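# Return atomic coordinates for the entry below.
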Amino acid sequence: MPLIQFTDHEGTTREIEGVAGDSVMETAVRNGVPGIVGECGGSLSCATCHVFVREDELDSLPPMEGMEDEMLWGTAVDRADNSRLSCQIKLCDGVKLHVTTPETQV
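Below you'll find the model as predicted:
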């Protein structure tokens, strides 16, 4: 099973087992992870699922596509080099991923 470690902007961490094929956003919303709103339900139209991926894990993810890149310019907290939209990160078996949520999504 995939394992995701969510850390909020204050440093509180929780680990959640995900389901292969689900997105990081779906896993967060299903498990009540604070800091991920997912207002559009993963349709890539709101940027309220912005996360910062641990930098040493970025290369293990599929590359960001153009629409995600554009949406990240509209986040409530400025994007960084390790910013991704969690709705666009699909989980795979055996993956352990570490993400940090920004101070706010709206």
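# Of all residues in the chain, which one is nearest the centre?
Centroid-nearest residue in the chain: Ser86, 2.7 Å away (criterion: Cα atoms, centre = their mean).
# count of neighbours near the residue nearest to Leu58 when sequence neighbours are not counted?
Sequence neighbours aside, Asn82 is the residue nearest to Leu58 in space, at 5.8 Å (criterion: Cβ to Cβ, 6 or more residues apart in numbering). C-beta here means a position set from N, CA and C on the backbone, and glycine is covered the same way. Around Asn82 there are 15 other residues, counting by other Cβ atoms under 10 Å.
# can you pull out the strands in the chain?
When assigned using DSSP state E, the strands of the chain occupy the ranges 3-7, 13-17, 50-53, 83-85, 96-100.
# Could you export the ones you listed as JSON lines, including mean neighbour count?
Listed next are the strands of the chain as JSON lines, based on neighbours: other Cβ atoms under 10 Å:
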{"stretch": "strand 3-7", "mean neighbour count": "19"}
{"stretch": "strand 13-17", "mean neighbour count": "12"}
{"stretch": "strand 50-53", "mean neighbour count": "24"}
{"stretch": "strand 83-85", "mean neighbour count": "23"}
{"stretch": "strand 96-100", "mean neighbour count": "19"}
